[in-house]
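*Asks:* sharing a model prediction with you, sequence too.
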Amino acid sequence: MKKRSKKRGPVRAKKVRQDGINFASGLERYMYLALKKAKIKAAYEGETYVVQEGFEFTQAAYEKQSNGKGEYKNRGNKKILPVRYTPDFVADTFIIECKGRANESFPMRWKMFKKYVKENLPHVTLYKPQNQKDCDETIKLIQNQTK
């Protein structure tokens, strides 16, 4: 009998709660506790950045709905919403994005956010820990930066 492999779909992080805060993943909670233990202040999802402004799309655009369903028809002549990005932890001199396994859209959004940081927040250092060891290293790097 052939063994069935698990269905591979989008990565679903387990939501967890700590100190009255709902974290999107255990890695975010781990980072929060590490920052707290090191007495480093950072706001959890404290700020949302617009990495691309919205605009009015005034041309025709024949397509189905974004989920691939519905009629193939003109879906142009619409206001396009801005692209926003909310990192996990924000402080004056650093931003941390905890990312275990990225979804399909994350790499593009991360590039756009890096461009935004380069142009608007030149004094900020970005950290993107992907596991608990990386979180611990992030704490050390931040502590060394503030010495």
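*Replies:* Sure, I can see it.
*Asks:* which residues in this protein form helices?
*Replies:* 26-37, 106-120, 132-145 (DSSP state H).
*Asks:* just the strands in the chain please.
*Replies:* 16-18, 21-23, 43-44, 49-52, 55-57, 62-63, 73-74, 78-80, 83-85, 89-90, 94-96, 125-127 (DSSP state E).
*Asks:* how about residues contacting the second one?
*Replies:* For strand 21-23, the surrounding residues in contact (C-beta atoms under 8 Å, 6 or more residues apart in numbering) are 15, 16, 17, 29, 32, 44. Heads up, the C-betas are built off the backbone N, CA and C, glycines and all.
*Asks:* count of neighbours near the fifth one?
*Replies:* Translated: residue 32. 22 (other C-beta atoms under 10 Å).
*Asks:* pull up the gap between it and residue 41, please.
*Replies:* 12 Å (C-beta to C-beta, to the nearest Å).
*Asks:* so which elements touch the lowest-mean-pLDDT helix or strand in the chain?
*Replies:* In the chain, no helix or strand scores lower on mean pLDDT, DSSP states H and E than strand 16-18, which sits at a mean of 88. Contacts defined by 3 or more C-beta pairs under 8 Å, 6 or more residues apart in numbering; DSSP states H and E place strand 16-18 against strand 21-23, helix 26-37.
*Asks:* how about 7 Å then?
*Replies:* Strand 16-18 makes packing contacts with helix 26-37 when contacts are defined by 3 or more C-beta pairs under 7 Å, 6 or more residues apart in numbering; DSSP states H and E.
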